[in-house]
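Colleague: fold the following and give me the result.
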Amino acid sequence: MRTLLTGLVMLVSFSFLSAQKKSVGIEGIYNFQTSSIGVGGRFELPFKYFSVVPQVSYFPAFNKVTEFYAGASLHANIITAKKWIGYGIVHGAFNGWLNYSDSPMKNAQFANWDAEAGLGLKANGCIFPFVEGRYNFKWQEASVHVGLAYTFGCKSKKGIGSTCPVYGDSFRR
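Modeller: Numbering: from 1, shown residues only. Now for the predicted structure:
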């Protein structure tokens with residue numbers, strides 16, 4: 001639990017680093033292999049062609065596997081259209097498996113590392129939806145992440161726009 005709180009503090013503290021077009025988001029996660037449902041939070045630091053995205057997630061006790069993740073993704077923009085961005089994902093995280101003692105697996109333990117790759121799609125705007133498909137190479141599990149994020153300092157009249165009010169250019173999260 002301490003690691004999860006540390007991850008959340010780190011996630012929030014990134015919001016004070018610079019004046020770039022930062023975003024914060026929430027997500028729902030579904031793991032196909034374990035039929036688990038989780039929730040997560042993220043903070044996106046965009047650059048011209050990629051974003052660095054610190055993330056935390058938690059899969060509650062009603063699932064077969066109770067665990068949390070604290071890590072970061074690199075999102076590389078592949079396709080940039082007027083209203084949508086398609087991106088590739090490389091992700092690494094610390095995994096705290098809370099109910100590992102219930103597992104029949106040999107060598108099951110609390111502290112683990114994981115590596116994921118996948119693809120994502122997000123809208124351009126102040127408030128934007130996103131969807132990601134990922135594959136975890138260590139645990140051989142596929143998951144889908146669906147969420148909503150908000151870009152700080154964005155002042156579109158409808159909350160959804162395609163240009164940044166600070167820089168006047170298209171969002172390139």
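
Colleague: pull out the buried residues from the helix or strand hosting Gly92.
Modeller: Using DSSP states H and E, Gly92 sits within strand 84-97. With burial defined by 16 or more other CB atoms under 10 Å, the residues of strand 84-97 counted as buried are 85, 87, 89, 91, 93-97. In this view, the C-beta of every residue, glycine as well, is placed from N, C-alpha and C.

Colleague: so what strands line up beside the very next helix or strand once past that strand?
Modeller: Sequence-wise, the next helix or strand downstream of strand 84-97 (DSSP H and E) is strand 111-123. Strand 111-123 sits in its sheet next to strand 84-97 (antiparallel), strand 127-136 (antiparallel), going by DSSP bridges.

Colleague: of all those strands, which lies closest to Asn107?
Modeller: strand 84-97 (11.5 Å; CB to CB).

Colleague: where does this structure dip in pLDDT?
Modeller: 1-20, 156-173 (pLDDT under 70).

Colleague: let's go with 90 and repeat that
Modeller: For the chain, residues meeting the criterion pLDDT under 90 lie at 1-21, 48, 82, 104-107, 124-125, 153-173.

Colleague: since we're on Ser36, how many residues are nearby?
Modeller: 19 (other CB atoms under 10 Å).

Colleague: need the contact list for it.
Modeller: 30, 59, 63-65 (CB atoms under 8 Å, 6 or more residues apart in numbering).

Colleague: what's the closest residue to it other than its chain neighbours sitting at in phi/psi?
Modeller: The spatially closest residue to Ser36, leaving aside those adjacent along the chain, is Asn63, at 3.9 Å (CB to CB, 6 or more residues apart in numbering). According to degrees, to the nearest 10, the main-chain angles of Asn63 amount to phi -90, psi 160.

Colleague: residues in contact with Asn63?
Modeller: Residues counted as contacts of Asn63 (CB under 8 Å, 6+ apart) are 34-38.

Colleague: distance to Phe128 and secondary structure for the residues you listed - can I get that in a markdown table?
Modeller: Compiled in a markdown table, the contacts of Asn63 are given as follows (distance: CB to CB, whole Å; DSSP: H, G, I helix; E, B strand; the rest coil):
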| residue | distance to Phe128 | secondary structure |
| --- | --- | --- |
| Thr34 | 29 | coil |
| Ser35 | 28 | coil |
| Ser36 | 26 | strand |
| Ile37 | 23 | strand |
| Gly38 | 21 | strand |
